[in-house]
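Undergrad: Mind folding the following:
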Amino acid sequence: MAGKKSKHKKHKQENKKIGIILGVIFTIILIIMSIAEARGYDLQWELKKLLGLADECTENLEVHFIDVGQGDCILIRTPEKNMLIDSGETDKGDVVLGYLKSKNIKKLDYVIGTHPHSDHLGCMSEIIDEIKTDEIIMPYLPDEDFPTTRYFEKLLISLEENDVDITEAETGMKLNLGEAEVLLLAPQEKNSNTNNYSVGAVLTHGRNNFVFTGDAEKSAEKHFIESGLLEKCTVYKAGHHGSNTSSSEEFMAKLRPDYAVIMCGEGNSYNHPEDEAVARIAKYADKKNIYRTDLSGTVVVISDGEGIGIKTEK
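TA: Model (predicted):
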């Protein structure tokens with residue numbers, strides 16, 4: 001009996017030691033979490049990444065400004081639906097499809113093709129062929145301005161073969177993304193250049209809103225202002241890759257963005273973004289809140305409806 005009591009006592013002592021060790025470990029974890037959160041780290045996100053679960057689901061709204069070099073490609077994810085705005089150049093199909101598949105995107109509820117330039121719609125046909133798409137929204141284009149380029153013809157063929165509904169953008173049209181909503185801004189019916197056929201979009205999620213204008217230049221920005229549907233925004237996707245032709249004084253004064261994302265290619269021949277445009281944006285968005293895909297790679301903005309968090313690839 002004495003031997004059994006001794007073993008039982010020893011077992012209790014071992015359990016007590018384990019309990020103390022676990023308590024110390026738990027305390028250390030709490031301290032680390034407090035320090036990490038104070039410094040702005042999203043530990044839940046990092047844990048999901050560590051376990052290989054980060055890309056399986058999302059509880060918030062996510063806006064992914066995908067680095068496709070000199071072009072636009074933006075993925076919007078909510079727990080309920082997915083939207084893609086533009087696709088990048090003709091040679092970016094593998095990049096975009098790889099990114100979408102890494103995020104477990106099996107369906108696109110909406111696609112917006114802002115305007116028919118190859119750095120925005122170049123590889124869209126490949127995406128439509130590979131990922132189920134319910135609807136694509138594009139601008140009205142007069143017959144004389146209708147594209148005859150090979151990539152655009154391929155897109156139209158893909159849309160027909162995959163039975164994707166084509167919707168012509170109308171100002172005030174609303175697209176439901178669950179807890180978020182997209183309000184469309186259609187271009188004028190006749191424009192002097194294709195950039196100004198860009199479809200604009202305002203994404204609203206709780207207190208946060210995002211503005212996307214494709215390559216709309218100053219006259220198109222004025223048209224968007226005249227719609228009466230624009231107000232101060234949280235995040236502005238800089239028009240036309242940060243070109244001086246966009247982000248006019250009047251437009252920036254209307255939007256007064258807190259943050260901006262400029263989508264442009266490293267060492268691009270257009271000298272985007274141009275200093276004048278960046279300076280106009282920086283009157284409202286502090287320079288540290290202006291992100292560039294040529295410097296930071298893919299930029300992801302996460303909204304919980306109250307505040308936002310921003311992650312960059314680089």
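Undergrad: CA only for contacts and neighbour counts going forward, please
TA: OK.
Undergrad: the bottom helix or strand of the chain by mean pLDDT?
TA: helix 43-50 (a mean of 52; mean pLDDT, DSSP states H and E).
Undergrad: I'd guessed residue 115 sits against residue 200; true?
TA: No. At 10.0 Å, residue 115 does not count as touching residue 200 under the criterion of C-alpha atoms under 8 Å.
Undergrad: which residues are in contact with both of those two?
TA: By C-alpha atoms under 8 Å, 6 or more residues apart in numbering, residue 115 and residue 200 have these common neighbours: residue 214.
Undergrad: Toward the C-terminus, what is the element adjacent to the least confident helix or strand of the chain?
TA: strand 61-65 (DSSP states H and E).
Undergrad: can you give me the mean pLDDT across that next one?
TA: The average pLDDT within strand 61-65 is 98.
Undergrad: Could you chop this protein up by domain?
TA: 2-41, 54-312 (automatic domain parsing).
Undergrad: Quickly compare the ones you listed and say which is most buried.
TA: Comparing those by mean neighbour count (mean count of other C-alpha atoms under 10 Å), domain 54-312 ranks first with a mean of 19.
Undergrad: quick one, helices of the stretch 151-300 of the chain?
TA: 218-226, 249-255, 275-282, 293-296 (DSSP state H, counting those that start in this stretch).
Undergrad: Return the alpha-carbon coordinates of the last one using PDB.
TA: Only the C-alpha atoms of helix 293-296 are listed here, as PDB (Å, rounded to 0.1, in the frame of the first residue of the first chain):
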ATOM      1  CA  THR A 293       2.100  47.600 -56.500                       C
ATOM      2  CA  ASP A 294       5.400  48.300 -58.200                       C
ATOM      3  CA  LEU A 295       7.000  48.700 -54.700                       C
ATOM      4  CA  SER A 296       4.800  46.600 -52.400                       C
END
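Undergrad: outside of that helix, which residues touch it?
TA: By C-alpha under 8 Å, 6+ apart, helix 293-296 touches 65-67, 69, 261-267, 299, 312-314.
Undergrad: The host helix or strand of residue 111 pairs with which strands?
TA: When elements are assigned from DSSP H and E, residue 111 belongs to strand 110-112. In the sheet, strand 110-112 lines up against strand 82-85 (parallel), strand 135-138 (parallel) (DSSP bridges).
Undergrad: Can you pull the poorly scored residue ranges out of this structure?
TA: 1-15, 33-57 (pLDDT under 70).
Undergrad: so residue 260 sits right up against residue 291, yeah?
TA: Yes. With contact defined as C-alpha under 8 Å, residue 260 reaches residue 291; the gap is 6.2 Å.
Undergrad: check contacts around residue 86.
TA: 72-74, 111-114, 120-121, 124.
Undergrad: Mind doing that once more with 10 Å?
TA: 71-75, 111-124, 214 (C-alpha atoms under 10 Å, 6 or more residues apart in numbering).
Undergrad: can you check residue 276 too?
TA: With C-alpha under 10 Å, 6+ apart, residue 276 has these contacts: 242-248, 282.
Undergrad: can we see that at 8 Å?
TA: residue 244.
Undergrad: Tell me how far it lies from residue 18.
TA: 63 Å (C-alpha to C-alpha, to the nearest Å).
Undergrad: same check, this time on residue 196
TA: Relative to residue 18, and taking C-alpha to C-alpha, residue 196 is found at 68 Å.
Undergrad: Likewise for residue 267?
TA: Relative to residue 18, and taking C-alpha to C-alpha, residue 267 is found at 58 Å.
Undergrad: What of residue 210?
TA: Taken as C-alpha to C-alpha, the span from residue 210 to residue 18 is 51 Å.
Undergrad: Ok, residue 173 next?
TA: Taken as C-alpha to C-alpha, the span from residue 173 to residue 18 is 62 Å.
Undergrad: now swap in residue 159 and tell me
TA: 62 Å.
Undergrad: same check, this time on residue 121
TA: For residue 121, the distance to residue 18 - C-alpha to C-alpha - is 60 Å.
Undergrad: Repeat that for residue 107.
TA: From residue 107 to residue 18 the distance is 48 Å (C-alpha to C-alpha).
Undergrad: I'd like to know which of the strands paired with strand 110-112 is closest to residue 231.
TA: With C-alpha to C-alpha as the criterion, residue 231 lies closest to strand 82-85 of the strands paired with strand 110-112, at 20.9 Å.
Undergrad: just the CA coordinates of that closest one, formatted as CSV?
TA: What follows is the C-alpha trace of strand 82-85 in CSV, where atoms were taken according to Å, rounded to 0.1, in the frame of the first residue of the first chain:
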residue,chain,number,x,y,z
ASN,A,82,-16.7,37.3,-55.1
MET,A,83,-16.1,40.0,-57.7
LEU,A,84,-13.2,40.7,-60.1
ILE,A,85,-12.5,44.1,-61.6
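Undergrad: what's the angle from the helix or strand that it is followed by to strand 61-65?
TA: Using DSSP H and E, the helix or strand that follows strand 82-85 in sequence is helix 93-102. Calculated by axes from the mean of the first three to the mean of the last three C-alpha atoms, to 10 degrees, helix 93-102 forms an angle of 160 degrees with strand 61-65.
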